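Visitor: show me the folded form of this:
(chains A and B)
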Amino acid sequence: MKAQTLAGAMAVVCSLSGCLGELYGGDPRIQLRNRSGGAKIVELRLGEPTRPAWQHEFDPSVDSAGLSEVVELPAAGELRFTARLTGDSLDTLVSFQRRVPVGGFCQVEIARDPDGLFRAKD
Amino acid sequence: MTTTMLTVLMPALLASSQVFLPAWNQEISEMHRALHPHSMGYLDAAQFQSLSPNDRIDHPRLGRLEGFTEYRRATVVLMGPDSSAETRFGLEGSLQTGGWTSDLYIVSAPPLHRQTHAWSAGVAGSSMAWELSGVAGLHHIAPTMWRGLAGDRDADGSTDLWALVRWQRFGARAIVDQQGLISGRWALLSDPKPLRMQRMWFWPQVEGSLGYVRSDANLWSAQDALGGDLRFPVLDDRIALRFDAGTDGFHFGQVATSIDPQGLVGLDLTAGRRYETWFPGLRLRLPVFTFSVNDPDELAAHGERGALVWSMRFQMTWEDGQTWYAPGRRGPPSEAFR
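Guide: Alright, predicted model coming up:
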């Protein structure tokens, strides 16, 4: 076997690697819509609500009737989210579960029910 | 050139956990095919990864994650440099890494991994006069850890001992741990002499093996199984068939075609069945490189059930500085065979 043959084969390897790197995937993303009627969304957490494995702080926080920035998530799948809402004499956590596929986008609305409870809706 | 190739592959050595034992079982069978008393060494630098996401990974804190799995390894056997010596000794070393990743990559790694490392170290020896060669070593799989978002331990590691021996065309290999035999095989290996020097084409190319594999190292099902495989040529040195089956069912059938007498360049087509799922496979062989999608050798090592798997592999045995070829193939007749 000649060294030139090996060099040619390596060039093919490198080219294929470069093409395949972008073939599939991408970070999943999420965006929150605030329909809480007065509270601000200040934080999005991933994992356990009080011991999150990852969290994103909104700066500025998402005002009522506002739309958050699009947040890139560190993982895809059936994830456990928690949004932290603050307001006048209010500091609460709203937990919800959503499936965000690899490279996918998910928009979630944080709304307040007539009974006063905060809920996450699609 | 070898160093350059390793430089490309090794920096991104990240990737699977429970696939390590089946993958190592497979690597030993490849080493067994590659090494013979005249070989100076063996090199395998490989990466296998899924191309389609699966959602079977449960993270202890985040939920059920969707992502890709990867497995990469580099294995080297180096014999003593004196190729004219009747008896030679050598060393074996291997590094493996693998795991789950949140995104597909080849060159750069995404931040979250469920990761395992493994290594092997061993000694090799060969006797030209006895037509005998062998390798034996220790293989250790480290605990599986989540890295990045949470550093939780996910699975325990394990340690095993392994050995392979070859006398003329007959061989045996085994892996054992504290629980007993993990895998054991008797094998008929191919004759590495150039075919055109032997003036016969059928028997030198026939290969086969029979043996036992424990469920945790079984590539094809989650059962303890007896199994066997057979490779034989049907058209000179250009077309060969390969079948693999066991007490756990049919594994795969493969047609291997070559456009050159040494089998350096060719295309392999496979139809296989793994964990009750049928899959097609395609492998392009270039000199010492293979590129494949769902090839049984690489698909099996990957440990995924039904996922599309891509692999790239640099694999060779060498007899001297001018005679290199992938396991199961052979040098051209013009190159001297001592």
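Visitor: what bits of the stretch 101-250 of chain B have low per-residue confidence?
Guide: In the predicted model, the stretch 101-250 of chain B carries pLDDT under 70 at residues B:105-112, B:148-151, B:198.
Visitor: A:Glu57 contacts A:Glu43, doesn't it?
Guide: Yes. Counting by C-beta atoms under 8 Å, A:Glu57 touches A:Glu43, with 5.3 Å between them. All C-beta spots, glycine's among them, are computed from the backbone N, C-alpha and C.
Visitor: higher neighbour count, the two?
Guide: Per other C-beta atoms under 10 Å in any protein chain shown, whichever of A:Glu57 and A:Glu43 has more neighbours is A:Glu43, with 18 against 10.
Visitor: show me where the stretch 101-250 of chain B has its helices.
Guide: Assigned by DSSP state H, counting those that start in this stretch, the stretch 101-250 of chain B shows helices spanning B:195-198.
Visitor: need the single longest helix in chain B, by residues.
Guide: Using DSSP state H to define each element, chain B has its longest helix at helix B:20-34.
Visitor: how far off helix B:20-34 does the next helix or strand after it point, in degrees?
Guide: Next in sequence after helix B:20-34, counting helices and strands by DSSP states H and E, comes strand B:41-50. Orientation check (axes from the mean of the first three to the mean of the last three C-alpha atoms, to 10 degrees): strand B:41-50 against helix B:20-34 gives 140 degrees.
Visitor: follow-up on the earlier one: what pLDDT, on average, does the longest helix of chain B get?
Guide: On average, the pLDDT along helix B:20-34 is 92.
Visitor: repeat that for stretch B:288-301.
Guide: Here the average pLDDT along stretch B:288-301 is 82.
Visitor: now it - C-alpha only, PDB.
Guide: The C-alpha trace of stretch B:288-301 is given here as PDB (Å, rounded to 0.1, in the frame of the first residue of the first chain):
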ATOM      1  CA  VAL B 288      -7.500   0.000   5.800                       C
ATOM      2  CA  PHE B 289     -10.500   2.400   6.200                       C
ATOM      3  CA  THR B 290     -14.200   1.400   6.400                       C
ATOM      4  CA  PHE B 291     -17.200   3.700   6.300                       C
ATOM      5  CA  SER B 292     -20.500   2.100   7.200                       C
ATOM      6  CA  VAL B 293     -24.100   2.500   8.000                       C
ATOM      7  CA  ASN B 294     -25.600  -0.300  10.200                       C
ATOM      8  CA  ASP B 295     -22.800  -2.700   9.500                       C
ATOM      9  CA  PRO B 296     -23.100  -5.600  11.900                       C
ATOM     10  CA  ASP B 297     -19.600  -5.300  13.300                       C
ATOM     11  CA  GLU B 298     -20.100  -1.700  14.200                       C
ATOM     12  CA  LEU B 299     -23.900  -1.700  14.800                       C
ATOM     13  CA  ALA B 300     -23.400  -4.500  17.300                       C
ATOM     14  CA  ALA B 301     -20.700  -2.700  19.200                       C
END
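Visitor: and the strands in chain A?
Guide: With DSSP state E as the criterion, chain A has strands at A:29-35, A:40-47, A:52-62, A:71-72, A:76-87, A:90-100, A:105-112, A:118-121.
Visitor: each with direction, which strands does the last one pair with?
Guide: On the basis of DSSP bridges, the sheet neighbours of strand A:118-121 come out as strand A:105-112 (antiparallel).
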